[in-house]
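**Student:** Just a sequence and a predicted model for now, questions to come.
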Amino acid sequence: MPEISLTGVLVVAAIAFVVPLLLGLIPSLRLPSVMVEIVVGIVIGPAVLGIVEVDLPLQVLALIGLAFLLFLAGLEIDLERLWGPRLRGAAGGFIFSAMLALTVAFTLWGSGVIEAPLFIAIMLSATALGIVVPVLADAGEVATPLGQQIIASASVADFSAIVVLSLFFSGESGSVWSTVLLLGGFVLLVVAIGIALAEVGRLPKLGAALQRLQDTSAQIRVRGAFLLLLGFVVLAQVFGLETILGAFIAGAVLRLLDRDGMMTHPRFREKLEAVGFGVFIPFFFITSGIQLDLGALFGDGAGSLLPVPIFLLALLLVRGLPAILYRPLAGTRGAIAAGLLQATSLPFLVAASDIGVELGTLDPATGAALVLAGLLTVLLFPLVALALLRDDQITSGA
């Protein structure tokens with residue numbers, strides 16, 4: 001058996017434990033744990049202290065963490081709530097957002113700020129669904145019409161951005177048309193697997209066995225979910241698509257299959273979140289910080305930081321401006337809060353920047369600037385949105 005050092009894994013695991021603990025001990029800081037984890041990763045990485053470098057064990061755990069993050073994001077999508085006017089509104093808002101993203105990206109390209117306008121446009125069009133939902137829950141807005149519309153819009157934005165990224169920038173695929181065919185084959189196979197799993201799940205003996213084993217040492221539903229996640233990730237790789245697409249769709253499929261969750265296994269979702277956020281996902285964020293190439297970003301002095309506020313404003317414009325469509329539904333304050341939440345984007349920016357740098361489509365400095373802009377959206381936008389939503393509730397007497 002080859003000798004593998006787990007020192008880096010130990011350091012990252014310690015950071016993953018200490019960061020949320022310290023934030024819990026100092027609640028007045030009100031900093032998102034994700035943001036702090038990435039920042040600490042930058043500090044311990046080669047860009048600053050050089051304590052940890054990303055080796056094979058960290059690469060594997062970070063990849064599983066990314067897959068779990070997108071898996072849980074897909075699990076947030078409730079197609080029953082999305083259907084109808086909300087879906088039409090979300091789709092219309094995303095089309096508006098995509099047009100803005102292309103306009104902004106090609107303007108930046110014409111100005112010499114970026115070199116890959118289509119890739120940047122895709123990155124600017126996503127929303128951090130996994131961050132938006134907890135913020136809405138804290139504000140008591142998840143079940144409100146505005147909260148549901150924001151969730152619908154974030155779901156459509158995340159799903160569309162992942163699909164388009166896989167369509168145009170998959171490392172193993174050829175032309176766009178061949179990728180379209182591969183994507184179509186992937187979707188058909190996913191549908192077939194979903195139908196087969198749904199039919200198998202109706203078997204009385206199997207259902208009884210699952211219920212009997214779900215809370216034993218077997219934890220059979222958690223193992224099945226992990227198998228589904230890895231299966232769809234590998235399936236996406238086989239079709240030459242990005243693994244994040246397979247992970248995201250695995251979560252969406254599980255959401256469709258898990259319709260009776262509150263009746264037979266109410267803690268199933270908590271278990272998946274415990275495995276994801278408690279074990280794997282912190283490795284993705286901290287490792288992303290370690291790998292962030294600040295040297296490329298600061299290579300030309302302070303002037304090289306100029307893209308960071310530009311990208312921050314671009315995210316606010318591309319994802320925030322379409323929220324003006326919600327003004328009849330929630331008023332001016334609600335629409336502004338919705339725009340800020342829709343402009344909150346970090347996990348997809350981190351994942352997409354890694355993909356872009358690996359493919360040679362994105363230079364490391366631009367990727368680092370986009371991630372830093374994403375960090376600022378997570379730090380600033382949800383706090384302002386929460387304040388607006390709370391003020392709006394007080395004004396309306398809620």
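**Tutor:** Done, it's in.

**Student:** Off-centre distance for stretch 100-114?
**Tutor:** Taking C-alpha atoms, centre = their mean, to the nearest Å, one finds the center of stretch 100-114 at 24 Å from the center of the full chain.

**Student:** Next, the buried residues of it.
**Tutor:** Going by neighbour count (16 or more other C-beta atoms under 10 Å), the buried part of stretch 100-114 is Leu100, Ala101, Leu102, Val104, Ala105, Leu108, Trp109, Val113, Ile114. In this view, the C-beta of every residue, glycine as well, is placed from N, C-alpha and C.

**Student:** try stretch 114-134
**Tutor:** For stretch 114-134, the neighbour count (16+ other C-beta under 10 Å) marks 114, 116-133 as buried.

**Student:** sorry, back to before: which one of the buried residues of stretch 100-114 is nearest to Leu254?
**Tutor:** Of all the buried residues of stretch 100-114, the one sitting nearest Leu254 is Ala101; the distance, using C-beta to C-beta, is 29.6 Å.

**Student:** Setting the sequence-adjacent residues aside, check what's closest to that closest one.
**Tutor:** The spatially closest residue to Ala101, leaving aside those adjacent along the chain, is Ala121, at 4.1 Å (C-beta to C-beta, 6 or more residues apart in numbering).

**Student:** So the one you found sits against Val104, correct?
**Tutor:** Yes - assessed by C-beta atoms under 8 Å, Ala121 is found in contact with Val104 at 7.4 Å.

**Student:** how far away is the residue nearest to Ala101 from Ala352?
**Tutor:** From Ala121 across to Ala352, the span is 11 Å (C-beta to C-beta, to the nearest Å).

**Student:** Next: Leu56.
**Tutor:** 23 Å.

**Student:** The two - which one has more neighbours?
**Tutor:** For Leu56 versus Ala352, neighbours defined as other C-beta atoms under 10 Å are more numerous around Ala352 (29 against 11).

**Student:** Please report phi then psi for that one.
**Tutor:** Its backbone dihedrals place Ala352 at phi -70, psi -40, with angles given as degrees, to the nearest 10.

**Student:** Not including adjacent chain positions, what is the nearest residue to it?
**Tutor:** Computed as C-beta to C-beta, 6+ apart, the closest residue to Ala352 that is not its neighbour in sequence is Met123, at 4.9 Å.

**Student:** Spit out the contact partners of that neighbour.
**Tutor:** With C-beta atoms under 8 Å, 6 or more residues apart in numbering as the criterion, the residues that contact Met123 are Ala161, Phe348, Leu349, Ala352, Ser353, Gly356, Leu370.

**Student:** tell me which of these is nearest to Met35?
**Tutor:** Using C-beta to C-beta, Leu349 comes nearest to Met35 of the contacts of Met123, at 12.2 Å.

**Student:** What is the neighbour count of Val180?
**Tutor:** Close neighbours of Val180, defined as other C-beta under 10 Å, add up to 12.

**Student:** what's the next secondary structure element after the host helix or strand of it?
**Tutor:** Remark: Val180 resides in helix 176-201, with elements defined by DSSP states H and E. Scanning forward in sequence from helix 176-201, with DSSP H and E defining helices and strands, the next element found is helix 204-213.

**Student:** In three-state terms, label Leu215 for me.
**Tutor:** If you look again at residue 215, you'll see it is Asp, not Leu. When classified by DSSP: H, G, I helix; E, B strand; the rest coil, Asp215 comes out as coil.

**Student:** how far away is it from Pro266?
**Tutor:** For Asp215, the distance to Pro266 equals 11 Å [C-beta to C-beta].

**Student:** got it, and Thr332?
**Tutor:** Thr332 sits 39 Å away from Pro266 when distances are taken as C-beta to C-beta.

**Student:** How about Gln237?
**Tutor:** 34 Å.

**Student:** Which phi and psi values does Leu6 adopt?
**Tutor:** Its backbone dihedrals place Leu6 at phi -110, psi 20, with angles given as degrees, to the nearest 10.

**Student:** all helices of the stretch 151-300 of the chain, in order?
**Tutor:** In order along the chain, the stretch 151-300 of the chain carries the following helices (DSSP state H, counting those that start in this stretch): 176-201, 204-213, 220-238, 243-257, 261-264, 268-275, 281-291, 294-297.
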